[in-house]
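Colleague: here is the input, now give the coordinates:
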Amino acid sequence: MIQQSKIQILLLLWAIAGTANLAAQNRDKAWKDFRFVKNSEAGLTGYNAAGLKALPVGQLSVAEISATKDNGGFVNYYQSGNAISYGAQTESFYRLSPGVVFYGKIDYNHFAGKNMSGSAFIDPYGNPFDIVEYEEHPGEKKLETCNLTGAVSADVYNGLTLGGKVDYTAANYAKEKDLRHKNKLLDIAATAGLSYPITPAVEAGANYYYRRSVEGVEFGSYGTTDRQFYSLIAYGAFYGTAEPFGNVGYTKDNEEKPMVSDYHGASIQLNIRISPALVWHNEVTGKVRNGYYGKKAPYTIVYADHDGHLWEYNGTLSLRNGKNLHQLKVTADREDLKNYERIYRTEQQPNGSNKVVYYGSLKTTNRRVQHLNAEYTANLGIEDFNPAWTLKAALNHSGREQYASVYPYYRRQDIRATTLNLSAARNIVKNKAMYTLHAGATYGSGGGTPQADQTYVEPAAAQSAPASAERYLNQEYEYLTADRFAGEATLKYSRIFDANIKGHISVNYMFTAASDVAYIGSTHHRLRLAIGCTF
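Modeller: Coordinates of the predicted model:
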């Protein structure tokens, strides 16, 4: 892990040096704001890399290093209330010629959190089931992540534009106390697309999407111990099977087992210029997902299979009025996911080896997750791609309904949550210096049914109810649905140096307070310091 970190940091420094060299060739950056440029055109952030041709500047890059400290008990069941992370990032747009645009990004992050238990996966919400500690043995966890993204668009003939993008993430994750786990993540997504102007006011596009995610998990303990560790194979809502740690099962000792997910999909885009000042960008995406947990080989076990489908919509209505840009963004998505546990046994072969024979499967998980978000942004007094004011209002709603089954028992859960966010930022330019003041407030609330346990048929007298981790169930439900208020403030100082390189230093503080919580803490503090430059 340490050696990999050194390689990732060297790659990051190489990328920063490379983009700095490009900046030395282009001296028109002044006060340009990278985040504003990136969000000013919807095509710059969509699936179809052909949209990069909408880049409104010749070249712009940003590089930053940061440190973040988190403290407080208002955290989810798999998170830490005492954590520190640091990272480094560089991101760049570059127009090589009038018809060719490149985009690149490298992002490295190191996280260390104390008193962590809960899930054994890096992101439990991305998987069809979870593996959690049935009995809490909290310890320190560390996570290293490196993300590399590259994209290009090129005009090839008479308005036809081709584009391609690759997004690669590698991560290492480990818990340093029994029951220990070591995770290795490789996640790669790629798109290939095109766009073409149907009329002077309407442009259509389409792209193919592919993603493969493999997270290998290996469980182990240090030395010898008489203590028996149990894990809950949670099919949903922390309901499932309690498994002892040993030489068989989902948590088999010292054997890496991958959680594999493959996605195939496609997007279509329609960009409509309603008037010279009003543009409506639309993107609709559909994906199918298939995967499994375990190793596919005659003498190793695949414990479960999953499949699902996803739908996404991303729409942006942009109005340019003099030095102002108003944007209304609406996004919606839905994922339906099912998990099936395989029925198997090992049979001894004539040569003495054991072969795995499968006899079918049982559905254990049926989940639907939905999100609906609307955000209005007013960028006012724009000079050189740098707004004097940025005002935002966002409304986000999410819902999750799932069924977890251990026949003849099942658990139904329904959770809904809504947040409202308001924020304002002011940029004040004084000669070669700029002062940025930002303040925001968020209110969130939710509700639903955390658990409703029932049976399909009357259980037999010898059958016992499935295992359940009630503490995690209650912690997650409170974190997602409790009434909470968050306030944040950011102070940022920027200055133009030689060659129009703009350096900056910023400090951000966020405080969250929740009411009527019993299973988690009621407050959380986050402090982030960053230093970087735009060039």
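Colleague: what about stretch 47-58, start to end distance?
Modeller: Stretch 47-58 has its terminal residues 22 Å apart, counting by C-alpha to C-alpha, to the nearest Å.
Colleague: any idea how far it is from the chain center?
Modeller: Relative to its chain's centre, stretch 47-58 lies at 23 Å (C-alpha atoms, centre = their mean, to the nearest Å).
Colleague: what do you get for stretch 123-141?
Modeller: 17 Å.
Colleague: who's in contact with residue 468?
Modeller: 232, 238, 239, 411, 451 (C-beta atoms under 8 Å, 6 or more residues apart in numbering). The way it works is simple: take the backbone N, C-alpha and C, and place the C-beta from them, glycine included.
Colleague: surely residue 222 is within a helix?
Modeller: No. Judged by DSSP: H, G, I helix; E, B strand; the rest coil, residue 222 forms no part of a helix; its state is coil.
Colleague: which strands and helices lie in contact with the longest strand along the chain?
Modeller: The longest strand of the chain (DSSP state E) is strand 354-380. On a contact count with 3 or more C-beta pairs under 8 Å, 6 or more residues apart in numbering; DSSP states H and E, strand 354-380 meets helix 34-40, strand 230-236, strand 300-321, strand 324-348, strand 389-406.
Colleague: next structured bit after the second one?
Modeller: Yep, that's strand 230-236 we're talking about. Counting by DSSP states H and E, the next helix or strand C-terminal to strand 230-236 is strand 239-244.
Colleague: for that next one, packing partners?
Modeller: Partner elements for strand 239-244 (3+ C-beta pairs under 8 Å, 6+ apart): strand 230-236, strand 389-406, strand 467-468.
Colleague: got the buried residues for the very next helix or strand once past that strand?
Modeller: Sequence order places strand 257-275 as the next helix or strand after strand 239-244, per DSSP H and E. Within strand 257-275, the residues that count as buried by 16 or more other C-beta atoms under 10 Å are 257, 258, 259, 260, 261, 263, 265, 267, 268, 269, 271, 273.
Colleague: please apply the same query to stretch 279-294.
Modeller: By neighbour count with 16+ other C-beta under 10 Å, stretch 279-294 contains the buried residues 279, 280, 281, 282, 283, 285, 287, 289, 291, 292, 293, 294.
Colleague: with stretch 446-465 instead?
Modeller: Result for stretch 446-465 [16+ other C-beta under 10 Å]: buried residues 446, 450, 451.
Colleague: would you check that residue 70 makes contact with residue 112?
Modeller: No. Counting by C-beta atoms under 8 Å, residue 112 is not a contact partner of residue 70; they are 10.7 Å apart.
Colleague: of those two, who's got more company?
Modeller: Per other C-beta atoms under 10 Å, whichever of residue 70 and residue 112 has more neighbours is residue 70, with 20 against 17.
Colleague: closest one of the buried residues of stretch 446-465 to residue 514?
Modeller: Nearest to residue 514 among those is residue 446, at 11.3 Å by C-beta to C-beta.
Colleague: verify the stated contact: that closest one with residue 400.
Modeller: No. Applying C-beta under 8 Å as the test, residue 446 and residue 400 come out as separate, 10.3 Å apart.
Colleague: can you work out which residues contact both of those two?
Modeller: With C-beta under 8 Å, 6+ apart, residue 446 and residue 400 have common neighbours 415, 416.
Colleague: skip the chain neighbours and tell me the closest residue to residue 289.
Modeller: Nearest residue to residue 289, sequence neighbours excluded (C-beta to C-beta, 6 or more residues apart in numbering): residue 308, at 4.5 Å.
Colleague: and the one you found, how many neighbours?
Modeller: Residue 308 has 21 nearby residues by other C-beta under 10 Å.
Colleague: same thing with residue 93?
Modeller: That count, for residue 93 with other C-beta under 10 Å as the rule, works out to 24.
Colleague: count of residues packed around the nearest residue to residue 501 once chain neighbours are set aside?
Modeller: Leaving aside its sequence neighbours, residue 501 sits nearest to residue 535 (C-beta to C-beta, 6+ apart; 4.5 Å). Counted with other C-beta under 10 Å, the neighbours of residue 535 add up to 26.
Colleague: now do residue 535 against residue 104, distance only.
Modeller: 14 Å (C-beta to C-beta, to the nearest Å).
Colleague: show the pLDDT at the nearest residue to residue 469 once chain neighbours are set aside.
Modeller: Excluding its sequence neighbours, the residue lying closest to residue 469 (C-beta to C-beta, 6+ apart) is residue 238, at 4.2 Å. You'll see residue 238 listed with a pLDDT of 97.
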